[in-house]
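[1] Sequence and predicted model, in that order:
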Amino acid sequence: MKRKAKRWLAKVKAFLASPPHEQAEQYHSIKKVLKKLKEQQKQLKAKLVEETNLKRREALEDELEIIKKQRHKAIDELKSLKDRC
C-alpha cells in the first residue's frame, strides 16, 4: 500500500510543478487521487480496529499517519491553486 500512496503523491507533485494551464486540466484528476487516498485511509482504519498484533498495529498506524499527511498536503496545495486561478 505504501507504493500506491507514493505513486499518488508523485502525481500530486507533478501537478504542482506544471504550468497554470495544465494545472487547470489536472485539477479533477488530482481530486480523484485524493479520493483514492481517502479510501485507503478508511481501509487502514478498519484494519487497525481489527488488528490484534501490536507490531502490525504500529505499522498500520504509521501508514495511516503517512496517508493523512499526504492528503492534507495535497488538499492545502489544491486550495492555494484554486485561489491562484
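    Sure thing, it's come through.

[2] just so I have it, where are all the helices in the protein?
    Secondary structure of the chain (DSSP state H): helices at 2-17, 20-50, 54-84.

[3] would CSV of the ones you listed with mean neighbour count be doable?
    Using the backbone N, CA and C atoms, a C-beta is placed for each residue, glycine as well. Formatted as CSV, these follow (neighbours: other C-beta atoms under 10 Å):
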stretch, mean neighbour count
helix 2-17, 14
helix 20-50, 14
helix 54-84, 14
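
[4] Mean pLDDT lowest where, among those helices?
    Mean pLDDT across the helices of the chain is lowest at helix 2-17; the value there is a mean of 73.

[5] got the contact list for it?
    23, 26, 29-30, 33, 36-37, 40, 63, 66-67, 70, 73-74, 77, 81 (C-beta atoms under 8 Å, 6 or more residues apart in numbering).

[6] Convert the C-alpha atoms of it to CSV, please.
    Extracted in CSV, the C-alpha atoms of helix 2-17 (Å, rounded to 0.1, in the frame of the first residue of the first chain):
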residue,chain,number,x,y,z
LYS,A,2,2.9,2.4,0.6
ARG,A,3,3.9,2.2,-3.1
LYS,A,4,0.4,3.2,-4.2
ALA,A,5,0.5,6.2,-1.9
LYS,A,6,3.9,7.2,-3.2
ARG,A,7,2.7,6.9,-6.8
TRP,A,8,-0.4,9.1,-6.0
LEU,A,9,1.8,11.6,-4.2
ALA,A,10,4.1,11.7,-7.2
LYS,A,11,1.1,12.6,-9.3
VAL,A,12,0.3,15.4,-7.0
LYS,A,13,3.9,16.7,-7.1
ALA,A,14,3.9,16.6,-10.9
PHE,A,15,0.7,18.5,-10.9
LEU,A,16,2.1,21.2,-8.7
ALA,A,17,5.2,21.6,-10.8
